[in-house]
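S.K.: Make a model of this:
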Amino acid sequence: MCILGLLFFFLLSMLPADAADWSRHENRDLVQDSRPGWAIETPGDWLRIPDVRPAWPLGGGFRDPSGQLGVVITWLEEVPGGEIEGLLQRGFQEEPGRVAGHPARLFHRTGPEGIQRLVYLKMPSGYYRVTLFATAGHEEELGKVLNSFQLLRGQSLKEQETWTPHEDSQAGYSLSHPTRWVLRNVPQGFELHEGPAPVVRAWLRPVPETPGGSFRGFARSAGRTTIPEAISLERFEPLDVAGVTGYLAVWKLRDGSYHGPSVYLPLPGGRQALELVLLLQEADECFFRLVNSFRPGEPITASP
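M.R.: Just a heads-up that it's a prediction; the model follows:
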C-alpha cells in the first residue's frame, strides 16, 4: 500500500504545475448562426484585454500580467487587402493546418521580438483571426492556448441574456447588469451578487481637489489606499467609455495574487468617480459589457 501511495504522488509530481490552473473563456453573445461564437482556454492568471478592436460581440483578448504573452481574437467580414502579403514580406512562414476542426491558414515567425502566430479561419460570412504572441521559450504554452480554441453555436436574440438598467440620478450615471445578478446596496455604492457570492462591487469615490492634480493621477494611486495588501500596480491604461476617459488598473497583492481589474470612471462635475471592481474572474466578459454600458448624466443637485 505504501509503494502504491508513493507511486501515486510521484505521478502527480510529473504533471505540469499549472495543469489545473487554466481558465475557459466563452463568447456566445451573437445574433447570427452564421457567425459562431468561440471558446478558448488560457492560464488562470491571464487578464482580459479590454481594448480589442473590433470589440464585443466578436472580439476578445487575454494576456499575462506582464503583457508579454497573449492572444487576441477578432472577427473580419473580409481579410484586409494586402494583410497576408504583408505578413509574408515581414518574414512570416505559412503552413497548412486545422484549428477547431476546420481548415485554416497558419502563419508564424520567431525572432528577437519573440514568437508571433496568426491564424485565419474562414466562416460562411467572414473570418476569425487569432493572433498569439509570446517571448522566446513559450511555444508550448501558445500551442496549448491555440489548441483549446473552439467554435460555439451563436445565440439568437431570444436566447440572449436579459440585462437590467440601473441609474443613480444623484451621482449622475446609469449602467446595465445581467438580470440574474442581484443588486445589493452597500455604503457609498452597491454590489452585484450571483447566488451568495459578490461578482462586481461599485463605489462612489471622492476625487481630491489638489493643485495640479488630474483624474489619471487619482486613478493611478487610488488602489494604494483602498486595497488591503496592495504592493504594486501591474497594469494601468486608459479606457474610453461613452465619450469619457476612465482608467483600468490591476494591483498585485502581497500574497502574489491580483486584485481586479478595477475601472475608474469620472462622473459629471469632476468631484466623484465611479469605481467598478471585478470580484469573480469567471464573470470578466459580463463585467466589461457592464463597463461599456456606462452612460454619464447630469447629477441632481440640492435646491438652495
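
S.K.: C-alpha only now, for contacts and for neighbours.
M.R.: OK.

S.K.: Buried residues of stretch 270-284, list them for me.
M.R.: By neighbour count on 16 or more other Cα atoms under 10 Å, the buried set for stretch 270-284 is 272-279, 281, 284.

S.K.: Just the ones in helices from these, please.
M.R.: Applying DSSP state H to the buried residues of stretch 270-284, the entries found in helices are D284.

S.K.: And the buried residues of stretch 270-284, which two are furthest apart?
M.R.: Farthest apart among these by Cα to Cα are Q272 and Q281. That separation is 26.4 Å.

S.K.: Which elements pack onto the biggest strand by length in the chain?
M.R.: Identified as the longest strand of the chain according to DSSP state E is strand 230-241. The contact analysis (3 or more Cα pairs under 8 Å, 6 or more residues apart in numbering; DSSP states H and E) places strand 230-241 against helix 215-226, strand 244-253.

S.K.: show me where pLDDT drops low in the stretch 151-300 of the chain?
M.R.: Residues of the stretch 151-300 of the chain meeting the criterion pLDDT under 70: 154-160, 211-212, 298-300.

S.K.: Strands along that one, start to end?
M.R.: Per DSSP state E, counting those that start in this stretch, the stretch 151-300 of the chain carries strands over the ranges 163-168, 173-178, 182-186, 189-194, 197-206, 230-241, 244-253, 258-266, 272-278, 295-296.

S.K.: can you check the stretch 1-150 of the chain too?
M.R.: 22-27, 37-43, 47-48, 60-63, 70-76, 93-99, 102-111, 114-123, 126-134, 150-152.

S.K.: hang on, the earlier thing: right, and the helices and strands packed on strand 230-241 - which one's nearest Q89?
M.R.: strand 244-253 (35.9 Å).

S.K.: Please measure how far the first residue of stretch 75-94 sits from its last one.
M.R.: Taking Cα to Cα, to the nearest Å, stretch 75-94 runs 20 Å from one end to the other.

S.K.: how about that stretch: buried residues?
M.R.: Buried residues in stretch 75-94, defined by neighbour count with 16+ other Cα under 10 Å: 75-76, 87, 92, 94.

S.K.: Residue nearest the middle of this protein, spatially speaking?
M.R.: A centroid search over the chain (Cα atoms, centre = their mean) returns R48, at 2.1 Å, as the residue closest to the centre.
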